[in-house]
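Student: next one to model:
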Amino acid sequence: MDEIVHYLAIAGKSVAIYVFMILAIRLFGKKELAQLSVIDLVFILLISNSVQNAMVGTDSTLPGGIAAALGLFISNYILKIFVRKSKRFSHLLQGEKIILIHEGKVLQRGMKESMLSRDELERAVREHGVAGIDAVDLAVLEVDGNISILSDNFSHKTVRARKKVQLSHNP
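Tutor: Reported below is the predicted structural model:
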């Protein structure tokens, strides 16, 4: 019985850390979740390492790891149900899209809110094959962290997403 309580405690602590991390990321801004910079990647690696002990403590056994992972999987599943069922909850948790460019003009409010630099925005515009900011009709930082670009009077839309590299074993 004590063993079950121990593993439930690990799962509970993992859920608490999960909720904390979601709230902290929401509070400190999403920037571009789909395109992590080196700084963002290092941050995520360090955060994951720093909260590991808070979740499992000194229990580095397989059942302890499974208890932590199971708690996270269940929490994630339940959270996704709430996000899908409730627009209000989804907005609270994920925020809303941020308009960055409108009719060729950079919106400073959107830039400040998204914490994007002008260089990052210009890079995103180029990645979409648009000559420059003045040729963009609309640029939006979506809730998933992707930047959508509409150009040519809103007739040509592109969405910047993480590019997947496929390794081929064929000569």
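Student: quick one: least confident helix or strand in this protein?
Tutor: In the chain, the helix or strand scored least confidently by mean pLDDT, DSSP states H and E is strand 156-160, which has a mean of 54.
Student: shouldn't residue 139 be within a helix?
Tutor: No: counting by DSSP: H, G, I helix; E, B strand; the rest coil, residue 139 is not part of a helix but strand.
Student: just checking, residue 83 touches residue 89?
Tutor: Yes: in this structure, residue 83 is within contact of residue 89 by CB atoms under 8 Å, at 6.2 Å. C-beta: built from backbone N, CA, C; applies to glycine.
Student: how about the helices in the chain?
Tutor: Secondary structure of the chain by DSSP state H: the helices cover 2-28, 38-56, 62-85, 87-94, 108-114, 118-127.
Student: can you put those helices in CSV and add mean neighbour count?
Tutor: Below are the helices of the chain laid out as CSV (neighbours: other CB atoms under 10 Å):
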stretch, mean neighbour count
helix 2-28, 14
helix 38-56, 13
helix 62-85, 14
helix 87-94, 13
helix 108-114, 15
helix 118-127, 16
